[in-house]
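>>> Can you look at this prediction? I've put the sequence above it.
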Amino acid sequence: MGGHLNINHLMFLGHGALWTIGLSMIALIGGGIVGFVIALARISPLKSVRIASAVYVQLIQGTPLLVILFLGYFGLAAIGLKVSPLAAAGASLTLYVAAYLGEIWRGCIQSVPKPQWEAAEGLALSRTQRMMKVILPQAIRIATPPTVGFMVQIIKNTSLASVVGFVELMRSGQIVNNSLFEPFAIYAIIAVVYFAMCYPLSLFSQKLERRMGRGRSNLAPA
Amino acid sequence: MSLQLDFPAVLERWPSFLGGAALTLELAAFATVLGALFGTLAAVGRGSRSPLIAGACKVYVETIRNTPLLVQIFLVYFGLASLGLKFSAFTVAVAALTINVGAYTAEIMRAGFEAIPRGQIEAAEGLALSRLQIYWHIILLPAIEKVYPALTSQFVLLMLASSVCSQISAEELTAVANYIQSDTYRAFETYIIVAVLYVILSLVMRAGFWGLGLVLFPRRRRLGTPL
């Protein structure tokens, strides 16, 4: 209809791909910070904090990301804030990623063997010292493979930011398609680019998991 | 900066909301059943002795798991159209979700198959069970029992992910919401209601799967293993 796929279209898609990576980084860092707080809140000694964080996780995990994106986009507008699609998508993805990472990391913190907690307590370490010096260094090792695995989910999920008009890879594909109308070819290219971003991370996550598994079996009694 | 919410204006559309929720459940139910069958076949195929079948299943699983659902839906939608096949958006949505959840199911089922102790299969061979009997009683059913919790949470995630089908104008809850918000100009209220409905749907699905688990796996219930 509008000519053939040329170098300019590919440049435009490449630009979109960079934004996909950028938005993924925003979601990972923002979601990581909030998620860390959620993970600690989930195992807080205060019951009210535990319940509040559990409710947060349940609500976010029971709502589709698409609806959270719409809520972020229209919600921020409803309270009178004029938001760019980047801010809306970044904020929504942060809240979404935080609920999942918080839950993954809570599991990792709790899977540090019980004697480690007791030994730290026996050494009269304060709760903060116990967390920072004994539990978290070990939990980070356990948390690395699932976190790398979850980064694949983050990259894939940024594709939904296209619906609030943020021009990342998916949206740039839709724009190119509007001028060329070759949907199958263009979305196939988009799929290949996503695959190229996600597959190395998947493999890396699997490799880390195998390495961890080997370490654990070495420690197990014969 | 004042927030004015007007829920009654949106809530009077409740029949549409409930209809949308029912359509989402219907979509999820079709995709769950078909995807579970398809994914189990792919998991069996991955363990095949033929490198061609095993390789094809691996390529399928890895391709789907490393690309976004939104892209997959568009590819199926436009792919079928470019072949000259006309289907309703709902059918296309079921097909795309089935292909998507099939890959995740395959990976979960493979983990279940790998968890079956080799000795049990040898014992079954020793008892002269046929290959089909071994597959059904010794491998498939115990594997499903082992991975049941992982499978069911994948199916709940599928129900949530089905909201993406609104992008090809398949009729379901999010599509209904998009329509209502463009009609009432009450976007924030509409999506709050829809979010609540999705939370309820996911709780209903989890309760349903839990109950189904009690019926399907009485042994597990006797042992007191949580589902």
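Sure, I can see it.
>>> Outside of stretch A:101-117 itself, list whatever touches it.
Contact with stretch A:101-117 is made by A:31-32, A:34-39, A:41-43, A:53, A:57, A:61, A:130, A:134-136, A:138-140, A:142-143, A:146-147, A:150, as judged by CB atoms under 8 Å, 6 or more residues apart in numbering or on different chains. Quick note: C-beta positions are derived from backbone N, CA and C, even for glycine.
>>> Output the set of residues of chain B in proximity to chain A.
B:1-3, B:5, B:62-63, B:65-72, B:74-75, B:78-79, B:82, B:160-164, B:166-167, B:174, B:177, B:181, B:187-188, B:191-192, B:194-195, B:198-199, B:202-203 (CB under 8 Å from any CB of the partner chain).
>>> redo that, cut-off 6 Å
B:1, B:3, B:66-68, B:70-71, B:74-75, B:78-79, B:82, B:160, B:163-164, B:174, B:187-188, B:191, B:194-195, B:198-199, B:202 (CB under 6 Å from any CB of the partner chain).
>>> ChimeraX command for the buried members of the residues you listed?
Buried residues within those, by 16 or more other CB atoms under 10 Å in any protein chain shown, are selected in ChimeraX with:
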select /B:66,67,68,70,71,74,75,78,79,160,163,164,174,187,188,191,194,195,198,199,202
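>>> Select from the residues of chain B next to chain A every entry located in helices.
Among the residues of chain B next to chain A, the members falling in helices (DSSP state H) are B:70-71, B:74-75, B:78-79, B:82, B:160, B:174, B:187-188, B:191, B:194-195, B:198-199, B:202.
>>> how close does the closest residue to A:Trp19 other than its chain neighbours get to B:Phe155?
Nearest non-adjacent residue to A:Trp19, counting by CB to CB, 6 or more residues apart in numbering or on different chains: A:Glu168, 4.4 Å away. A:Glu168 sits 28 Å away from B:Phe155, going by CB to CB, to the nearest Å.
>>> ok, those two, which is more surrounded?
Shown here are A:Glu168 and B:Phe155; by other CB atoms under 10 Å in any protein chain shown, A:Glu168 has more neighbours (25 against 22).
>>> hang on, isn't the more buried one packed against A:Thr20?
Yes: if you go by CB atoms under 6 Å, A:Glu168 and A:Thr20 touch, sitting 4.3 Å apart.
>>> shared neighbours, these two?
Common neighbours of A:Glu168 and A:Thr20 (criterion: CB atoms under 6 Å, 6 or more residues apart in numbering or on different chains): A:Thr158.
>>> Could you tell me the phi and psi values at the closest residue in space to A:Ala39 that isn't next to it in sequence?
Of all residues not flanking A:Ala39 in the chain, A:Trp105 sits nearest, at 3.9 Å (CB to CB, 6+ apart). Here is the backbone geometry of A:Trp105 (degrees, to the nearest 10): phi -70, psi -30.
>>> burial count for A:Trp105?
Going by other CB under 10 Å, the residues that sit close to A:Trp105 add up to 24.
>>> for the one 4 residues further on, same thing?
A:Ile109 has 20 neighbours, counted by other CB under 10 Å.
>>> From chain B, how far out is it?
21 Å (CB to the nearest CB, to the nearest Å).
>>> Show the subsequent helix or strand relative to the helix or strand that residue falls within.
Following DSSP states H and E, one finds A:Ile109 within helix A:85-110. Remark: after helix A:85-110, the chain's next helix or strand is helix A:114-122, criterion DSSP H and E.
>>> Check which element follows that following helix along the chain.
Beyond helix A:114-122 on the C-terminal side, the first helix or strand identified by DSSP H and E is helix A:127-129.
>>> That following helix: what's the following helix or strand?
helix A:136-157.
>>> C-alpha coordinates for stretch B:89-102, PDB please?
Only the C-alpha atoms of stretch B:89-102 are listed here, as PDB (Å, rounded to 0.1, in the frame of the first residue of the first chain):
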ATOM      1  CA  ALA B  89     -12.300 -12.500  17.000                       C
ATOM      2  CA  PHE B  90     -13.400 -14.800  19.900                       C
ATOM      3  CA  THR B  91     -12.200 -17.900  18.000                       C
ATOM      4  CA  VAL B  92      -8.900 -16.300  17.200                       C
ATOM      5  CA  ALA B  93      -8.500 -15.300  20.800                       C
ATOM      6  CA  VAL B  94      -9.100 -18.900  22.000                       C
ATOM      7  CA  ALA B  95      -6.600 -20.100  19.400                       C
ATOM      8  CA  ALA B  96      -3.900 -17.600  20.400                       C
ATOM      9  CA  LEU B  97      -4.400 -18.200  24.100                       C
ATOM     10  CA  THR B  98      -4.300 -22.000  23.600                       C
ATOM     11  CA  ILE B  99      -1.000 -21.800  21.800                       C
ATOM     12  CA  ASN B 100       0.300 -19.500  24.500                       C
ATOM     13  CA  VAL B 101      -0.700 -21.400  27.500                       C
ATOM     14  CA  GLY B 102       0.200 -24.700  25.800                       C
END
